[in-house]
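J.: I would like to see how this sequence folds:
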Amino acid sequence: MASGGSGLPKNMLWTELLFTALPIGREKFGQQMVARFCFLFLVWLTGLAAYALDGLTIAFVSNLQILLTLFFMGFMVLFGSYMIQRSLHDVILSFRPLLKLDDSQFLKLAQKVERYSYSIVPCLLIGLVLSISVSSLHLEFQTALVGGLRLYEIWNLLFIFFFNLLSATAIWFGVAIWLTIYYISKQPLKVELSPTTIEKFRGLTMLAWNFSLFYFLANLVGMVLTVTSDPTMPLLEMFVSPFLLFIAIGVVSVLYPFYNIHKTLFRLKKQELLKIEGVIGQLRQRLDEILEKQAEPQSSDQTIATMGRLLSLQIKEGQVKQAQEWPIDITFLSKLGGLVLVPIIGKLALELLTRYF
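T.: Below is the predicted model of the structure:
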């Protein structure tokens, strides 16, 4: 990502480094998506070759989990990495007018955001944790040790590690986006309160929306893989599934940083209204004093000036009162509610289909 004249660092996600050697422009969205699909298809072909050499072609071609993992989860991660690489720089710059920071402070914050967002270290660490505690990598390894390393088992081990790294990258995307929103929400804000104040936070809400979309679609993928791996799962587990906990965590994660901004906006609004009310009280007192001295030659001009100032403050007071205290609106909340329902409905539909059809 070019830094341009902003002084922001030039970093790149590890997933994007895979495609830098290709003669494709970063702005050519269609070609970039085709390149990602071809890369995943190439990975699938290596698996097909490994299984075919061991006489297990049908078992590989009919493996739904591998197809879903590669061409749904894998493509979603590569799509997300492309969008983050393409937009994060501009999103960070869009925060500049909102923050009461000087240039050096803002540059320090921006460098911090890009540094942790683009780092591969958290992805590797999370991938290692997934490989040890969650995935079937250790089972595959034990099977390979007992039966001897066959070509398809070697491919399985490599594929599981690759999938864990992709999953870890997806998790880190969500964490990095959340941390960005959180850090921004904790900075001193510089906003003028008005009915259009919420428009200034569009960049932040879009970042939160991207996090929500990524997070809940990842939950849906996880549910699909769980159901396809265990079609006999009791329907009751739908209501006690740990995925519901993940959904609740996702909702809280999305809304909590905005609560910090809400508290700041609420405090600013209260302070501004108290300040305006104090000045209005002084002007009214001043107006009463002028009206008591109407016989003086300057009283008419002073009355007009004071009333004009009083009217201006009353208009400003109305605008401040109309300013929303939340940086998100009902549209965002309704979209978030729809995303929450997607993995729940998807899980229920999949379990019903696998049970009765």
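J.: from residue 337, how far off is residue 269?
T.: 27 Å (C-beta to C-beta, to the nearest Å). (Glycine included, C-beta is placed from N, CA and C.)
J.: actually, residue 279.
T.: Distance, residue 279 to residue 337, by C-beta to C-beta: 42 Å.
J.: and if you look at residue 97?
T.: 30 Å.
J.: cool, and residue 34?
T.: 34 Å.
J.: repeat for residue 29
T.: Counting by C-beta to C-beta, the gap from residue 29 to residue 337 is 29 Å.
J.: so between these two, which is more surrounded?
T.: residue 29 (13 against 10; other C-beta atoms under 10 Å).
J.: any low-confidence regions in the protein?
T.: 1-10, 134-148, 214, 218-244, 246, 290-302, 343-344, 346-357 (pLDDT under 70).
J.: leaving out the residues flanking it, which one is nearest to the residue nearest the centre of the chain?
T.: By C-alpha atoms, centre = their mean, the chain has its centre lying nearest to residue 211, at 2.0 Å. Among residues not flanking residue 211 along the chain, residue 177 sits closest, at 4.0 Å (C-beta to C-beta, 6 or more residues apart in numbering).
J.: tell me how the protein divides into domains.
T.: Split into domains by automatic domain parsing, the chain comes to 1-190, 203-357.
J.: and these: which comes nearest residue 196?
T.: Residue 196 sits nearest to domain 203-357 of all the domains of the chain, at 8.5 Å, using C-beta to C-beta.
J.: hang on, the earlier thing: doesn't residue 179 make contact with the residue nearest to the centre of the chain?
T.: No: Residue 211 is beyond contact range of residue 179, at 10.2 Å (criterion: C-beta atoms under 8 Å).
J.: helices of the stretch 151-300 of the chain, residue ranges please.
T.: Per DSSP state H, counting those that start in this stretch, the stretch 151-300 of the chain carries helices over the ranges 151-186, 202-229, 237-240, 242-292, 299-322.
J.: helix, strand or coil for the residue nearest to residue 118 when sequence neighbours are not counted?
T.: Of all residues not flanking residue 118 in the chain, residue 11 sits nearest, at 3.9 Å (C-beta to C-beta, 6+ apart). Under DSSP: H, G, I helix; E, B strand; the rest coil, residue 11 falls in the coil class.
J.: now do the contacts for residue 11.
T.: 1, 114, 115, 117, 118 (C-beta atoms under 8 Å, 6 or more residues apart in numbering).
J.: and it, how far from residue 109?
T.: Separation of residue 11 from residue 109 (C-beta to C-beta) stands at 15 Å.
J.: before we move on, back to that, identify whichever of the helices of the stretch 151-300 of the chain lies nearest to residue 79.
T.: Of those, nearest to residue 79 by C-beta to C-beta is helix 202-229, at 9.5 Å.
J.: what about the helices in the stretch 1-150 of the chain?
T.: Using DSSP H, counting those that start in this stretch, helices in the stretch 1-150 of the chain cover 14-17, 29-53, 57-61, 64-68, 75-94, 103-118, 121-129, 137-147.
J.: thinking the residue nearest to residue 211 is in contact with residue 207, fair?
T.: Yes: the criterion here is C-beta under 8 Å, and residue 177 meets it with residue 207 at 5.9 Å.
J.: what about residue 42, how many neighbours?
T.: 9.
J.: any idea how far residue 49 lies from residue 99?
T.: 53 Å.
J.: repeat that for residue 65.
T.: 45 Å.
J.: neighbour count winner among the two?
T.: residue 99 (16 against 12).
J.: can you put the helices of the stretch 1-150 of the chain in CSV and add distance to residue 330?
T.: Formatted as CSV, the helices of the stretch 1-150 of the chain follow (distance: least, C-beta to C-beta, whole Å):
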stretch, distance to residue 330
helix 14-17, 35
helix 29-53, 31
helix 57-61, 47
helix 64-68, 34
helix 75-94, 22
helix 103-118, 29
helix 121-129, 35
helix 137-147, 44
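J.: closest to residue 193 out of the ones you listed?
T.: That would be helix 75-94 among the helices of the stretch 1-150 of the chain, by C-beta to C-beta, at 19.3 Å.
J.: for the closest one, packing partners?
T.: Identification of packing neighbours for helix 75-94 by 3 or more C-beta pairs under 8 Å, 6 or more residues apart in numbering; DSSP states H and E yields helix 14-17, helix 29-53, helix 103-118, helix 151-186, helix 202-229.
J.: list the contacts of the second one.
T.: Outside helix 29-53, the residues within contact range by C-beta under 8 Å, 6+ apart are 18-19, 22, 24-26, 57, 59-61, 66-67, 70-71, 74-75, 78-79, 82, 151-152, 154-155, 159, 162.
J.: swap in the shortest one?
T.: With contacts defined as C-beta under 8 Å, 6+ apart, helix 14-17 is touched by 77, 78, 81, 82, 85, 120, 123, 169.
J.: which among the residues you listed gets closest to residue 308?
T.: Distances from residue 308 to these, taken by C-beta to C-beta, are shortest for residue 85, at 53.2 Å.
J.: against residue 217, how distant is the closest one?
T.: 19 Å.
J.: same thing with residue 115?
T.: 26 Å.
J.: looking at the two, which is more packed in?
T.: residue 217 (19 against 11).
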